[in-house]
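Q: Requesting a structural model of the entry that follows:
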Amino acid sequence: MPDWYIYIPSMTVSILTGIGLVYSWHQKAILHIDLKREFISLEIELEAGRKNPTPELIEAVTTKMLHAETKEPPILRVLNIVCHNELGLAMGYEQKDLYRIRFYQRALKHFFDWNPNSIQLHGA
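A: Predicted coordinates:
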């Protein structure tokens, strides 16, 4: 066995740690948990006033929802379209009603949008 094999585990850990620092996965996970709590509390508030919704309740919940949405990260359009396609498949849509996504767009969908304006329907 070559001597350089002993360095593979430490190099792997170093690379993954560097990627984690660049993308701040820990902070994004905390943000996700906080946003989830905020939206669940809004849902509880709406459910409590469900039998007798007042305009004041709707206005208050809408305002809180818009404040929570300002904390959300930007939308990844390619990821959104992939989710749309998966939902369409689950609902039995035909292939012509789904969007064609290139392999590189699909591979990088969780990190950034790669030319989302080029995405078209299969039937187009």
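
Q: which stretches of this protein have low pLDDT?
A: Confidence mapping of the chain against pLDDT under 70 gives the ranges 1, 124.

Q: Doesn't residue 123 lie inside a helix?
A: No - when DSSP: H, G, I helix; E, B strand; the rest coil is applied, residue 123 is found to be coil, with no helix at that position.

Q: ok, it - contacts?
A: 96-97 (CB atoms under 8 Å, 6 or more residues apart in numbering). Bear in mind the C-beta positions are built from the backbone N, C-alpha and C, glycine included.

Q: From residue 60, how far out is it?
A: Remark: distance between residue 123 and residue 60 (CB to CB, to the nearest Å) = 44 Å.

Q: and if you look at residue 88?
A: For residue 88, the distance to residue 60 (CB to CB) stands at 35 Å.

Q: burial count for residue 79?
A: Other residues near residue 79 number 19, with proximity taken as other CB atoms under 10 Å.

Q: Which helix or which strand is home to it?
A: Residue 79 belongs to helix 77-90 when assigned by DSSP states H and E.

Q: How about residue 93?
A: Counting by DSSP H and E, there is no helix or strand that carries residue 93.
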